[in-house]
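Enquirer: what follows is a predicted protein model with its sequence.
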Number of protein chains: 2
Amino acid sequence: MDIGANFDGKSTFFRVWAPYNKEVFLVLYKDGERKVIKMELEDEERGYFSVEVDNAKPGDMYTYMIGGKEYPDPASRFQPEGVHGKSQIIGDFSWDDYNWKGIDFPIIYELHVGTFGGDFEGVKRKLDYLKELGVTAIELMPVHQFAGNRNWGYDGVLLYAVQNSYGGPQKLKELVNEAHKKGLGVILDVVYNHVGPEGNYLSVFGPYFSTRYKTPWGPIFNFDEAYSDEVRHYVVQNAVYWIKEYHVDGLRLDAVHSIFDNSPKHILEEIRDAVKEANPKALLIAESDLNDPRIILPKDKCGYCIDAQWSDDFHHSLHALLTGERDSYYADFGEITQLAKAIKDVFVYDGVYSKFRKKTHGRQVGNLPGNKFVVYAQNHDQVGNRKDGKRLISLVGEKALIAPFLYILSPYIPMIFMGEEYGETNPFLFFTDFSDPEIIKGLREGRKRELGEYYYDPQDYSTFEKSKLSWKLDERILSLYKELIRLRKELFNDFSRNVDVKIEGNACIIIRRKEKYLVIACFSKTHLDLKAKSIITTVGMPSSLPGEVSVGAGVYEEL
Amino acid sequence: MDIGANFDGKSTFFRVWAPYNKEVFLVLYKDGERKVIKMELEDEERGYFSVEVDNAKPGDMYTYMIGGKEYPDPASRFQPEGVHGKSQIIGDFSWDDYNWKGIDFPIIYELHVGTFGGDFEGVKRKLDYLKELGVTAIELMPVHQFAGNRNWGYDGVLLYAVQNSYGGPQKLKELVNEAHKKGLGVILDVVYNHVGPEGNYLSVFGPYFSTRYKTPWGPIFNFDEAYSDEVRHYVVQNAVYWIKEYHVDGLRLDAVHSIFDNSPKHILEEIRDAVKEANPKALLIAESDLNDPRIILPKDKCGYCIDAQWSDDFHHSLHALLTGERDSYYADFGEITQLAKAIKDVFVYDGVYSKFRKKTHGRQVGNLPGNKFVVYAQNHDQVGNRKDGKRLISLVGEKALIAPFLYILSPYIPMIFMGEEYGETNPFLFFTDFSDPEIIKGLREGRKRELGEYYYDPQDYSTFEKSKLSWKLDERILSLYKELIRLRKELFNDFSRNVDVKIEGNACIIIRRKEKYLVIACFSKTHLDLKAKSIITTVGMPSSLPGEVSVGAGVYEEL
């Protein structure tokens, strides 16, 4: 890496971008001593400062001093003392994952390190469980260093530093290494649209942030104004860094709809090209609220060529239908025809007026293959951003089991949210661990306005505690998930969108796959006239058809 | 038109978009009476209010009343009393330009109505002069209604209203009609990126402006947030309106780099499609600071398919070379090789690092034809945004005459800035006529900071007076321009970029066209070894070559 502290076995080369500044000093903490070393400005125009220090080695701590004050390295790899503390030089890791060939057929399991396993070590201990479940990759919510010990991860402020409370770089590498040895891929959620509110010292160094564009979540990166070459480099190299230094198999790009870039080559396309150069098999998955296939279209179709994007419309159609909820964005959903459209065409809002958004939304996806989209019945946002933080099973009980039939057996990439597979009923709440009183005050006030009677304190340790997985396995549900994953791999092991979707009796969605298989999801009672025998069903569904069906789902083979 | 006041010969249909409001009233001023009429909300979702009034007719005045206060119609066609006053219903116009076939070969003359001719009538009186000059289209700086009587036009606040001090709708139609009858096209400069500071009541009606994006020039239109369908409609229909109701032959879209739109279909593409539907021959020309060919690329190359865009790099290369100026953006220019690159490749910064911008700028244009770009040695911005407002001839004298050889005879669309063709030496200064004391104060303070010792008062009538064309024709210069335009039409009547560009002796640029013609521009003395005889030259250039050349330009035929 050409920024940060890079140890070559003998000396460490420090390099930082600080174009605003006349002087930058390295402050090295080593063997109980504090040494201030003047860095050299390489080139007035670009503003990189660097210095090579002969005896600086892994484990040594350092800061950069600007205007008499010390700050962590913007490209720090490790912050053992947190966002406000010193940075640390990192050593090598002995990888032995050479037999790993990359994710072959993505079936993703989204997890939050802190509430899933406590830390990377805890996640590692669960790898066998996940392998047995049948998923082929875990997706870690962001691990960019954030303030305090607990956070969803979207308040990270140092893109290159691995969260200290999770175990830092060494433990993340051990986790990835172990996952690969067990045949599991690792996808990392990365946040390139904004940085968190506490511990963001980037502006001391340079114009990292846009003066043109705003988001409600904090300052957003400057990808198209003066000095943006270097900010782009900071972000693009970060994507490459996870792939190369951490052997990560893919990145989930958070909220790309809040990444604004007016440059001739969009930053997403640049990230994509750099990542694919580092590892052509690496997966890039975008979270996008735009319903705009430009994100994933190939370059010759004017796209940024990202591998896949999340399909919220599938989630919203399914959720609104299962729960009957119509508040907020669910106002736009609730019709069984919409769910059928989501299964068939991906975007329900594909150039259609949205009442919730008060504008025409989206564009048709055309004939893109199914692995261009990730589908799910729950994820951290859809559970955690609810006022009550409740999971689907807590909202609708048994009915929730219709969901995995529809998304795991869909032509798209399925994603399970941690705990869903065994019927976890603990909520997933919004928790933070800031220390800045102003930020805490603002956060609490904001949450009070938003949540009203549902208010809970995100700073309270118990909020985090409540959100931890209980690991009380409902074996019946777990078996169902295992079986559905097995069926997906055995019967529907491709991403062809050549599926036939029908609605029967305004009650059931019937998806015909591979000619003779029927995935049937029923939201009320009706009679089905098909001739078929069941392969797997929830309660309420008959073992053979024709016959009466009630609320439930099943996979059938037509006779 | 589906917004504004539309008289059908009997009654007038009033329609306004005001989604924020529960009630909107039409206030009709007619035959000395004031009548308040409740408008009907057509549809809660979209927020249009309308009413048909039987006896309302052209000449009648009206306002819309919201919250007890009266405002001009956002789609007003005429504001006889200015931006703060009532709107007027407009009648028909008897067009007799049916023989006009549209602009065939664009040679553009940019003019500011107020300083060129005083008003539309004054411009009309000069049409014969322009016809004789040889240009094929005039381009009017914006005529959207602005505050006061004098303004460049970029402070317009009512997109559909034709500036009252210029003569309003009737006189603009007469001008276009007359121009067409004389065989001249009319292009209109339109401002869709921001609105001016005084008289902007649009936000009373609805969310016309972006909450996401910022420019230094004022609020910018909301093209991608809630309610943006209707804002897009307001703008897209405006483009169509000039083409249809005013028979305008093309639009020059101001500062498209400040139009931000994250929608699947970019607003520029939508404007383009609507305008071409209204008149496939209509020309769309963008001012863009992005050096991004996406603006003009065809749709299958991921472009917005705008017909042409301004080429500032050509201007800057030429200006820096002629004047030796290196301040502000001229810091990036000044090499003869850059001018040669601008002539050959259009963008000098086509993926190259710019010191002035402190970032990599632009993208290569590839093999787009020459009529995708407009070139000029001067325009309202390049003259008027100088601290001294000076024209090229006042800066470099005789040397300025090199310029028309290079741009009029280039493979691109040439554009002359009013007065340039006869050696006008009056400056083009920045003038305004605001009435709001706060705006005036802010403006003066801003100008003082910016101009320092060059400060002049933009509000002072004398500033406008000084900027008026003197019409003191330098017949020698005028003849040269006429001759060059004639040569362009006769010898180089296409836009093929298949031209050979060479630099000789680090002094001259030699452009070979149509095999045997040489356009030679020399910036210092040298010897040229070619064998050629002159067709037209400035002083200092020999009538035949080989020979010594000094600062000047000429067209030669190779022997």
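Expert: Alright, I've got the coordinates. Numbers count the residues shown, from 1 in each chain, chains lettered A, B, ... in the order given.
Enquirer: A:I408 touches A:Y481, doesn't it?
Expert: Yes. Between A:I408 and A:Y481 there is a contact under Cβ atoms under 8 Å: 7.5 Å. Any C-beta I mention is one placed from the backbone N, CA and C, and that applies to glycine too.
Enquirer: more neighbours: those two, which one.
Expert: Set A:I408 next to A:Y481 and count neighbours by other Cβ atoms under 10 Å in any protein chain shown: A:I408 wins out with 27 against 20.
Enquirer: hey, where'd the helices end up in the stretch 151-300 of chain A?
Expert: For the stretch 151-300 of chain A, applying DSSP state H, counting those that start in this stretch gives helices covering A:168-181, A:202-205, A:228-245, A:267-278.
Enquirer: show me where the stretch 451-559 of chain A has strands.
Expert: A:500-504, A:508-513, A:517-522, A:526-537, A:544-549, A:552-558 (DSSP state E, counting those that start in this stretch).
Enquirer: the helices of the stretch 151-300 of chain A: which one's closest to A:V135?
Expert: helix A:168-181 (10.9 Å; Cβ to Cβ).
Enquirer: mind listing what's buried in the closest one?
Expert: Buried residues in helix A:168-181, counted by 16 or more other Cβ atoms under 10 Å in any protein chain shown: A:G168, A:P169, A:K171, A:L172, A:K173, A:L175, A:V176, A:N177, A:E178, A:A179, A:H180.
Enquirer: from the residues you listed, pick out the ones that also neighbour chain B.
Expert: Among the buried residues of helix A:168-181, no residue is within reach of chain B (Cβ under 8 Å from any Cβ of the partner chain).
Enquirer: hang on, A:G250 packs against A:V190?
Expert: No. Taking Cβ under 8 Å as the definition, A:G250 is not a contact partner of A:V190, at 10.1 Å.
Enquirer: smallest gap between the stretch 51-200 of chain A and chain B, at which residue?
Expert: Chain B sits closest to A:N193 of the stretch 51-200 of chain A, with a gap of 12.4 Å, by Cβ to the nearest Cβ.
Enquirer: how about that residue, nearest residue that isn't a chain neighbour?
Expert: In space, and not counting its chain neighbours, A:N193 is closest to A:S258: 4.1 Å by Cβ to Cβ, 6 or more residues apart in numbering or on different chains.
Enquirer: now do the buried residues in stretch A:149-168.
Expert: Within stretch A:149-168, the residues that count as buried by 16+ other Cβ under 10 Å are A:150-168.
Enquirer: anything in contact with each of A:I408 and A:Y481?
Expert: Common neighbours of A:I408 and A:Y481, using Cβ atoms under 8 Å, 6 or more residues apart in numbering or on different chains, are A:I416.
Enquirer: how about JSON lines for the buried residues of helix A:168-181, with distance to B:V51 added?
Expert: Below are these laid out as JSON lines (distance: Cβ to Cβ, whole Å):
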{"residue": "A:G168", "distance to B:V51": "68"}
{"residue": "A:P169", "distance to B:V51": "68"}
{"residue": "A:K171", "distance to B:V51": "70"}
{"residue": "A:L172", "distance to B:V51": "66"}
{"residue": "A:K173", "distance to B:V51": "70"}
{"residue": "A:L175", "distance to B:V51": "68"}
{"residue": "A:V176", "distance to B:V51": "67"}
{"residue": "A:N177", "distance to B:V51": "73"}
{"residue": "A:E178", "distance to B:V51": "72"}
{"residue": "A:A179", "distance to B:V51": "68"}
{"residue": "A:H180", "distance to B:V51": "70"}
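Enquirer: with pLDDT added, can I get those residues in CSV?
Expert: Shown next, in CSV, are these (pLDDT from 0 to 100):
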residue, pLDDT
A:G168, 98
A:P169, 98
A:K171, 98
A:L172, 98
A:K173, 98
A:L175, 98
A:V176, 98
A:N177, 98
A:E178, 98
A:A179, 98
A:H180, 98
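Enquirer: got the domain boundaries for chain A?
Expert: A:4-88, A:108-333+A:372-491, A:500-558 (automatic domain parsing).
Enquirer: and the second one, how far from the chain's centre?
Expert: From the chain centre to the centre of domain A:108-333+A:372-491 is a distance of 2 Å (Cα atoms, centre = their mean, to the nearest Å).
Enquirer: would you mind listing what in chain A touches chain B?
Expert: Contact residues (Cβ under 8 Å from any Cβ) of chain A with chain B: A:45, A:211-215, A:224-229, A:257, A:260, A:262-265, A:290-294, A:302, A:351, A:353, A:355, A:357-360, A:362-363.
Enquirer: I'd like to know which of these are buried.
Expert: Using 16+ other Cβ under 10 Å, the buried members of the residues of chain A next to chain B are A:212-215, A:224-225, A:227-229, A:257, A:260, A:262-264, A:290-294, A:302, A:357-360, A:362-363.
Enquirer: confidence score at the residue nearest to the spatial centre of chain A?
Expert: Geometric centre of chain A, nearest residue: A:D189, 3.7 Å, by Cα atoms, centre = their mean. With respect to pLDDT, A:D189 has a value of 98.
Enquirer: how about A:K214?
Expert: With respect to pLDDT, A:K214 has a value of 80.
Enquirer: now swap in A:E45 and tell me
Expert: Per-residue pLDDT puts A:E45 at 85.
Enquirer: wait, it touches B:F356, no?
Expert: No. Using Cβ under 8 Å, A:E45 is not in contact with B:F356, being 11.2 Å away.
Enquirer: any stretches of the stretch 101-250 of chain A with poor pLDDT?
Expert: By pLDDT under 70, the stretch 101-250 of chain A has no low-scoring segment.
Enquirer: excluding its backbone neighbours, what's nearest the closest residue to chain B within it?
Expert: With Cβ to the nearest Cβ as the measure, A:A226 is the residue of the stretch 101-250 of chain A nearest to chain B, at 4.0 Å. In space, and not counting its chain neighbours, A:A226 is closest to B:K358: 4.0 Å by Cβ to Cβ, 6+ apart.
Enquirer: these two touch, right, that neighbour and A:V231?
Expert: No. Using Cβ under 8 Å, B:K358 makes no contact with A:V231, being 11.2 Å away.
Enquirer: great, nothing more from me.
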